[in-house]
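Asks: Model the structure of this input:
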Amino acid sequence: MLFHDLMKGLYFVHVPLLTMALLLACCNSSKHATVDFADGRYEGMVDRSGRKHGMGTYAWKDESKYEGQFEKDARHGRGRFTWKSGEVYEGAYLNGKRTGRGSYKWTDGSGYVGAFLNGKRHGEGTFVSANGARYQGNWSNDLQDGEGILTRSDGTKLVGRWQAGKPPALPEPLPEPSTVPVLPAPPDPKVIEVKIEPTPPPDPVPAPPPVVEPIPTPPVPKLIPPTPPVVVEPLPPPAPPPFPEIPTPSPTIDPVPPPPPPSVAEVFAPLPEPPPTPLVPEPAPEPKPLPTAPATGENEVVWRGTTSQAENYFENQVIGGIDIVHIKKTGQPFTGKFVILRDSGSLKGMASLVNGKLHGEEVVYDNAGNVIERNNWQNGRLPEE
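Replies: Next comes the predicted model:
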C-alpha cells in the first residue's frame, strides 16, 4: 500500500510524516533568525549562508505578509500570502511562484480553487464570482480554455469549449417571419369625351396691286463754265540734311558683389551625466486580477526519486473514489512506472500507473532488499475493494 498512501499524501495539504522527518533532519544545519530588509522583515529558519530556508514569515512594510516554506531565499513548498488589500492565496509554491494546487480569494467574495502554473491559473479549476456565477473546467494562461461549464446565477448553463477566455458560440436565434406586402388597388377607369371643333377655312390671299410703269423723262444737259488758267509757282530750295544725333553713352553700373557667406558657429554643450539609479528593494508581488482564462502532457516511462521529490513533482486528485496522480507542471495524468528510493539510494518500492491510476503489481521492499508486500491493482482499485 506504499503508493496508495503516497498519493493520499500528495492530495492533502498536510506534509506526510516521512517528509516531516526529512525536514527535521535538514533543520539540524539551520537556525532561527530575524533579518531586517529595506522593504520588510523576515523571521524564521535560515541556512548556513544566511538564506531564508525552511519555515518562516516575511512581512512587508505595506502590511503584506507571506507565511510558509522557503528554499534558498525563494518561496517554495506550502505557504499563505496575504496582500494589504485583503486578497489571500494559499497553496503550493515552486521557485517563488504559485505552482501546483491552491486557492485564491478576492475581497468581493469571489474565489478560485484549482491548479496554478508560474503564478497563473492553468489546468483544472473552479471560479465562483461574487454574484454566484460559477465556471468549472480547464484554464490556460489565466484564461478559460478548453472544455468548461458556466452556471449563471439564474441557474442557466453554458456548456462547450472555450478559447482564450472566449465562451463557445451561442445558437443563432430563429428569425421572425416576414409580412406580406400590400399593393394599392388600380384606379377606376374614366372615359374622357373630347369635342372636336371644325377647322374654319383660311382667309383668301388678297391680289397684288397693279404695277404702273413710269414714263421716262429725258435728262437736261448742264452748262460747264470755262476753266481759268493755271499759274505755276517755283519750288522752294531743298532744306539741308539734319546733323546726325550722337548717342549719349549710358553710365557704367558697377556690379554689386554678393554678400559674404555668413559664418556658422556650432556650440556643443556636454550632456549631463544621468543620476545613479538607486537600489530598489524587492517589491511585494501584485495581487491577481479577477478572471475575465490544457496543458501539454509529459510522457515519462520511468520516474525515480525519493518520497519528498515525488510530492514536489506530482499531485493527487480523488475522482469517483479513485486516486489519480497528475504532473504538477502540466496538470496531466501520469502514465509510467514509479520507482521510490530511500535517502540512502536503496530501493523502497515500485509500481505502474496508467492514466494516473495504479494498474498492475505494486512491490514494497525492506532495508535489506527483501519483499515485504505485494499488491495487484486493477484500474486504481484492489480486487478486494
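Asks: who's in contact with the spatially closest residue to N355 that is not a sequence neighbour?
Replies: Using CB to CB, 6 or more residues apart in numbering and skipping residues adjacent in sequence, the residue nearest N355 is P333, 4.8 Å away. No exception for glycine: its C-beta is placed from N, CA and C like everyone else's. Contacts for P333 (CB atoms under 8 Å, 6 or more residues apart in numbering) come out as 324-327, 355-357.
Asks: Pass me the low-pLDDT residue ranges in this protein, would you?
Replies: 1-30, 170-172, 188-300, 385 (pLDDT under 70).
Asks: Show me the helices in it, by range?
Replies: Ranges of helices within the chain are 2-11, 17-26, 307-313, based on DSSP state H.
Asks: Now do stretch 140-156: distance from first to last residue.
Replies: Using CA to CA, to the nearest Å, one end of stretch 140-156 lies 25 Å from the other.
Asks: returning to what we had before: and the residue nearest to N355, what are its bridge partners?
Replies: H326 (DSSP bridges).
Asks: And it, how far from V35?
Replies: Between P333 and V35 the distance, using CB to CB, to the nearest Å, works out to 42 Å.
Asks: Kindly report the same for T179.
Replies: From T179 to V35 the distance is 81 Å (CB to CB).
Asks: Settle it for me: which of these two has more neighbours?
Replies: V35 (15 against 6; other CB atoms under 10 Å).
Asks: show me what contacts that one?
Replies: Applying CB under 8 Å, 6+ apart, the residues near V35 are 41-43, 46, 50.
Asks: Next step: those restricted to strands.
Replies: Cross-referencing the contacts of V35 against strands under DSSP state E gives 41-43, 46.
Asks: which of these are buried?
Replies: 42, 46 (16 or more other CB atoms under 10 Å).
Asks: Now the ones in strands among the contacts of V35 in TSV, please, with extra columns for distance to D108.
Replies: Shown next, in TSV, are these (distance: CB to CB, whole Å):
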residue	distance to D108
R41	30
Y42	31
E43	32
V46	38
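Asks: nearest to G305, of the ones in strands among the contacts of V35?
Replies: V46 (26.5 Å; CB to CB).
Asks: May I have the beta-bridge partners of the residue nearest to that closest one when sequence neighbours are not counted?
Replies: Spatial nearest neighbour of V46, excluding adjacent residues (CB to CB, 6+ apart): A33 at 4.7 Å. Counting by DSSP bridges, A33 forms beta bridges with G44.
Asks: count of residues packed around A310?
Replies: By other CB under 10 Å, neighbour count at A310 equals 21.
Asks: Over to the one 10 residues further on?
Replies: Residue crowding around G320 was assessed by other CB under 10 Å; the count is 6.
Asks: what's near enough to touch it?
Replies: With CB under 8 Å, 6+ apart, G320 has no contacts at all.
Asks: quick one: it from V354, how far?
Replies: For G320, the distance to V354 - CB to CB - is 16 Å.
Asks: try K105
Replies: 36 Å.
Asks: ok, now Q136?
Replies: For Q136, the distance to V354 - CB to CB - is 26 Å.
Asks: so Y112 touches H122, yeah?
Replies: No - Y112 is beyond contact range of H122, at 11.5 Å (criterion: CB atoms under 8 Å).
Asks: Who has more neighbours out of the two?
Replies: H122 (26 against 21).
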